[in-house]
Every structure is written in C-alpha cells, then in structure tokens.
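**Student:** I'd like to go over a predicted model; first the sequence, then the structure.
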Amino acid sequence: MSSWRSLIVAVTLLLGAALATAWPAGPVAAAEDVPPVANQESIPRLADLLFRVEWTAGASSQGQTRIIGYVYNDSDHDAANVQLRISELDTSGRTVKSVIKPMGDPVPAAGRAFFDLQVPNASPFYQVEVESFGFMDNPWTTQRTEQLLAAAGFEMKLADTPEKLANLSALKPRRTLVPQERDNRLYYVYADPDLCKCMYVGTSTQYERALQKSYASDQLIAVGEELNALAWDLWAPWPWY
C-alpha cells in the first residue's frame, strides 16, 4: 500500500474515531439544521464553487467547541494556505459572529484534507466554509501579479519614508500574497521591496476578485503562509470592509 493511500486510510480512521468519541456535552447542530434566512441572495464565491466542507461539531472542554471534518478540493490544482471561516448562527440562520482559522495542511487537487479545530464558546448552530485559499503551482511573474492586484482594487502603499522602506525590506516572503488577520478582519499583503518598493494591501473581497480574474485566465496566485515583522501602525490606514 502506497504512503499516500496509507495516509488517506489513517485520516479516515481518525475522523471516524473522533466522530464516535463521546464528548462532554451533546452535539452542536450543523448549519444544515438551521432554517434558511428568507430573501437572502448572493453571488456564489469561487471558493464555494471549488471547495466543499463536511464537518461535525461538539462541545469540548472549558467552553470550547471542537469542529472536525474534511475540505474537498474539486479543482485541478493543489490548494495552499486554506483559511476556514467558522460562524456562529442563531435559530433563524443569521450569523452572530465568526472567526477565521487556518487549516494548516494543503488540500490536494481532486482530493481532501482533514481538519480538527476549536473555537471559543458554544453555540446551538455553526457554519463552516472556505474563506480564502491560494494555488501552490505556477506563480505569477512580478509584473503581471502587480497589474492584476491593482486591477482587483488592491491599494498600493509606497515605502516613502526610511522607516517604511526598512520595514518593507525586512518582510518575508517577498512578492507573495500573504493573509494577515487583524481585528477579526482578513487582509492580504504583497511586499515588493526590490522593484516597486511598495506594498499592495487588499481585503478578502478584493482578493476574491483577483482570484476570479487569475483563475479565468489560468494565471495562478502565489500565496504564502506567514509574513514576519509587519509594522501595522506604520502602514495605516488599512482598507475598510
């Protein structure tokens, strides 16, 4: 049996064992059990078209809720840096609040990856969806990346002071989109200290727009997992959602 097949079997057994474990409190209802909100229309996101999530939730220790499951990738490309949005819902299906959690493991093309996460508090109902992601292969060239980011509405911030240039030069990875969470908002930062000596900053909406454009033209986005030494106050103000 190949190592990949062994991993799939091991993860399947792990999920089955986790679902069979008797947790301290009764199970927390999934989003499918909540009545849909009336007159609510939205345009499908690319993440919703390419990914689907199967999950279950149950009360854990110290007021935490444990959510486990799989993310399925229906695209032809491995997905990296997958971020999940876990939302607490009321009985009418409306979102009360949400948190963004990284999956950690890449999700292979036409495959799935396991996740096991904990969120604070315990709600009667939850919803779990892919908030954002990046493709691992075929990164853009610098010029095409920056043109596409600008067209998608990303804000260019010039390193116009010695302090900004020093901070920009210290950031890694370079010329790679990196998600950054602040005040429960998810931003995407692209640092280029070599060519434009600037930083591109966008919201989740602008990132989704860039992703749609790149996917339509078969130009894949290079996405990193961690950005070091970012001085938030130095680059303020940040885009508002």
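**Tutor:** Received the coordinates, thanks.

**Student:** centre-most residue in the chain?
**Tutor:** For the chain, the residue nearest the mean C-alpha position is Gln83 (2.2 Å; CA atoms, centre = their mean).

**Student:** which strand residues bridge that residue?
**Tutor:** Pro102, Ser132 (DSSP bridges).

**Student:** isn't it right up against Glu129?
**Tutor:** No - using CB atoms under 8 Å, Gln83 makes no contact with Glu129, being 10.1 Å away. Heads up, the C-betas are built off the backbone N, CA and C, glycines and all.

**Student:** list the contacts for the residue nearest to the centre of the chain?
**Tutor:** For Gln83, the contacting residues are Ile100, Lys101, Pro102, Met103, Val130, Glu131, Ser132, Phe133, Pro179, Leu186, by CB atoms under 8 Å, 6 or more residues apart in numbering.

**Student:** buried only: go through those for me.
**Tutor:** Among these, the ones that count as buried by 16 or more other CB atoms under 10 Å are Ile100, Lys101, Pro102, Met103, Val130, Glu131, Ser132, Phe133, Pro179, Leu186.

**Student:** return the closest of those residues with respect to His77.
**Tutor:** For these, the minimum distance to His77 (CB to CB) is 9.9 Å, reached by Phe133.

**Student:** mind checking how far that closest one is from Val71?
**Tutor:** According to CB to CB, to the nearest Å, Phe133 and Val71 sit 9 Å apart.

**Student:** hey, what's in contact with both of those two?
**Tutor:** Residues touching both Phe133 and Val71 (CB under 8 Å, 6+ apart) are Phe51, Val82, Val107.

**Student:** thanks a lot, see you next time.
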